[in-house]
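[1] sharing a model prediction with you, sequence too.
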Amino acid sequence: MGDLTRATDEELQRIYNDIPSFYDRANALISFFQDVKWRTELVATVRSYVPKPRSVLDVASGKGELSFIVKKLMDKDTIMLDYALNMLKSSFVEGERVLASFYNLPFRDGAFDAVVSSFALHAADDIEEVVREMARVSRGVIGVIAMGKDDNPILRSYVGIYLRFIQPYLAKLVGAKPEDYRYIYYIYRRIPVNSQVKKTFEKYVELKLFEVKALGSVYICVGTKRDLGR
Ligand SMILES: C[S@@+](CC[C@H](N)C(=O)[O-])C[C@H]1O[C@@H](n2cnc3c(N)ncnc32)[C@H](O)[C@@H]1O
């Protein structure tokens, strides 16, 4: 196994290929059963800007947890994109699946009415590259939930302790390997604070929502293309 503390793209790809079977249970437990609520809030907000999208892209879709909510709230199958084949193979929703990296989305500019992503953007070494790509292939809205990091160092240290010492063992309770979840702490250490992430989004979209949850460890962000509706 490589050096997890670096949490490289290749190392993460191996981990993501390793975790599909218990992914949903682990995700629910480590988010204290808030993950579905947060995805629903994201999709409901996106829907308020594009009520009847013709096309929706789910970036780093995993098994389709966000696509499932898109289908429920917007009655639309998404295109699911992920770089972990095992995640796509375990997908439980209808829709086209594309094996690709979020750094190079294999679509033309403005191809989708909505481009969404949940619990994945933090895995990027360079968040801005992915936000730029998402904004490029959207003609309407982009919406993201991801792990964030509060600007307040005291809150950051609470979350750091949780991620390092508690969360891997919660994941173990549902059958996951604690070492596969320790990487989340290493990612947390390297991601930018929320105010910087917000500025990054503002470079590419008109921000409509930037809301933080769980001591700043999660943000929900929705933005529209600047020329939307003009
Ligand atoms: C924690 S899972 C989230 C899955 C799903 N979106 C959800 O809401 O539960 C993170 C997903 O991001 C994918 N991912 C991470 N880095 C990626 C990259 N560079 N390109 C494409 N997918 C990536 C992983 O394979 C994994 O399926």
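    Received, thanks.
[2] around the ligand, pick out the residues from this structure.
    Residues of the chain lying close to the ligand (CB under 6 Å from any ligand atom) are 9, 12, 16, 27, 60-62, 65-66, 82-84, 87, 101-103, 118-120, 123. Every residue, glycine included, has its C-beta placed from N, CA and C.
[3] 8 Å instead, please
    The chain comes close to the ligand at residues 9, 12-13, 16-17, 23-24, 27, 35, 39, 58-66, 81-84, 87, 100-103, 117-120, 123-124, 130, 145, as judged by CB under 8 Å from any ligand atom.
[4] where does this structure dip in pLDDT?
    The model of the chain has pLDDT under 70 over residues 1-7, 19-23, 25-26, 29, 227-230.
[5] so which residues of it form helices?
    For the chain, applying DSSP state H gives helices covering 9-18, 20-30, 35-49, 65-74, 85-89, 127-137, 153-161, 167-173, 178-190, 194-204.
[6] can you count the residues close to residue 77?
    17 (other CB atoms under 10 Å).
[7] contacts only, for the closest residue to it other than its chain neighbours.
    In space, and not counting its chain neighbours, residue 77 is closest to residue 95: 3.9 Å by CB to CB, 6 or more residues apart in numbering. Residues in contact with residue 95 (CB atoms under 8 Å, 6 or more residues apart in numbering) are 64, 67, 77, 78, 79, 80.
[8] just flag the most distant two among the residues you listed.
    Farthest pair in the contacts of residue 95 (CB to CB) is 64 and 79. Separation: 10.9 Å.
[9] more neighbours: which of these two?
    residue 64 (24 against 19).
[10] hang on, the more buried one packs against residue 80?
    Yes - with contacts counted by CB atoms under 8 Å, residue 64 reaches residue 80, the gap being 5.6 Å.
[11] and the residue of the protein nearest the ligand?
    Nearest residue of the chain to the ligand: residue 62, at 2.5 Å (CB to the nearest ligand atom).
[12] list the contacts of the residue nearest to residue 169 when sequence neighbours are not counted.
    Once flanking residues are discounted, residue 169 sits nearest to residue 178: 6.0 Å by CB to CB, 6+ apart. With contacts defined as CB under 8 Å, 6+ apart, residue 178 is in contact with 168, 169, 171, 172.
[13] which residue is the nearest non-sequential neighbour of the last one?
    Meaning residue 172. residue 178 (4.9 Å).
[14] picking that back up, out of the residues of the chain next to the ligand, which are buried?
    12-13, 16, 23-24, 27, 35, 39, 58-66, 81-84, 87, 101-102, 117-120, 123-124, 130, 145 (16 or more other CB atoms under 10 Å).
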